[in-house]
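Visitor: All I have is the shape, not the residue letters:
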């Protein structure tokens, strides 16, 4: 079974530029998560999708971050414009997403973003 | 809201020695508890999870953890570590009563195993 795929693996941009990350979850997984992991910290949830609807985006900086999950499969996370403090690893995870369950979240390898 | 505290940012240990990584949580509701491992330049991998029942949970790679409700702790242990166990370990909690699982992670503990 293929795991969660993410691209690119690394990205370096100047501040105020825009960037996009792509995630392909495990086939059949209804729930998709985007996390931000700043160096030395644990992952922080940015947004959670159930199929193609948003369940939780309370910690997403909506003035610069946006995310979509077209057709309830792949997802894209965008930052526009980027700030220095956005330098982090962006992790995508997916799970079966059965409501009321404790389904395991499976993580992709992440995209390491450096903002100069 | 839930929070997780991992007091040890780094734990050095010699190969074949036992190790314990500490995790304490705070929550006003019942929670599920998880330990994840992150190897360099990789995503997180689930080691084990506590949902209910026996407070001693066994996971992959010889790790186990014990849930202690009175002390709000979920410490991770391994009786004999290997060089390959060198990694970052994250404790996480999730509210048992919400419809959709939302993980809150601690800041992580780096386990350094030396020969």
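Guide: Structure received. Remember, predicted model here, so these are calculated numbers, not experimental data. Numbers count the residues shown, from 1 in each chain, chains lettered A, B, ... in the order given.
Visitor: Geometric centre of chain B: which residue is closest?
Guide: The structure's chain B has its C-alpha centroid closest to residue B:35; by Cα atoms, centre = their mean the separation is 3.3 Å.
Visitor: Just the pLDDT at it, thanks.
Guide: Looking at residue B:35, its pLDDT stands at 97.
Visitor: In terms of secondary structure, what does the helix or strand where it lies contact?
Guide: Applying DSSP states H and E as the criterion places residue B:35 in strand B:31-38. Where contact means 3 or more Cβ pairs under 8 Å, 6 or more residues apart in numbering or on different chains; DSSP states H and E, strand B:31-38 is packed against strand B:44-50, strand B:64-68, strand B:73-78, strand B:87-95. No exception for glycine: its C-beta is placed from N, CA and C like everyone else's.
Visitor: what residues does that strand touch?
Guide: With contact meaning Cβ atoms under 8 Å, 6 or more residues apart in numbering or on different chains, strand B:31-38 is reached by A:102, A:107, B:2, B:23, B:25, B:44-51, B:59, B:61, B:63, B:65, B:67, B:74, B:76, B:87-96, B:101, B:103, B:105, B:108.
Visitor: give me that answer again for 6 Å
Guide: A:102, B:44-51, B:65, B:74, B:76, B:87-94, B:96 (Cβ atoms under 6 Å, 6 or more residues apart in numbering or on different chains).
Visitor: what do you get for stretch A:53-72?
Guide: Taking contacts as Cβ under 6 Å, 6+ apart, the residues outside stretch A:53-72 that touch it are A:32, A:34, A:45-49, A:51-52, A:75-79, B:100.
Visitor: average pLDDT for that stretch?
Guide: Mean pLDDT, computed over stretch A:53-72, is 93.
Visitor: start to end distance for that stretch?
Guide: 8 Å (Cα to Cα, to the nearest Å).
Visitor: Surely residue B:84 is in a strand?
Guide: No: judged by DSSP: H, G, I helix; E, B strand; the rest coil, residue B:84 forms no part of a strand; its state is helix.
Visitor: rewinding a little: deepest in the core, which of the helices and strands packed on strand B:31-38 is it.
Guide: Among these, ranked by average contacts under mean count of other Cβ atoms under 10 Å in any protein chain shown, first place goes to strand B:87-95 (a mean of 23).
Visitor: Can you list the strands that the very next helix or strand once past it pairs with?
Guide: The C-terminal neighbour of strand B:87-95 among helices and strands, as given by DSSP H and E, is strand B:103-105. Paired with strand B:103-105 in the same sheet, following DSSP bridges, are strand B:87-95 (antiparallel).
Visitor: State the distance from residue B:18 to residue A:82.
Guide: Separation of residue B:18 from residue A:82 (Cβ to Cβ, to the nearest Å) stands at 44 Å.
Visitor: of those two, who's got more company?
Guide: Applying other Cβ atoms under 10 Å in any protein chain shown to residue B:18 and residue A:82 shows that residue A:82 carries more neighbours, namely 23 against 10.
Visitor: The more buried one and chain B, how far apart?
Guide: With distances taken as Cβ to the nearest Cβ, to the nearest Å, residue A:82 is found 22 Å from chain B.
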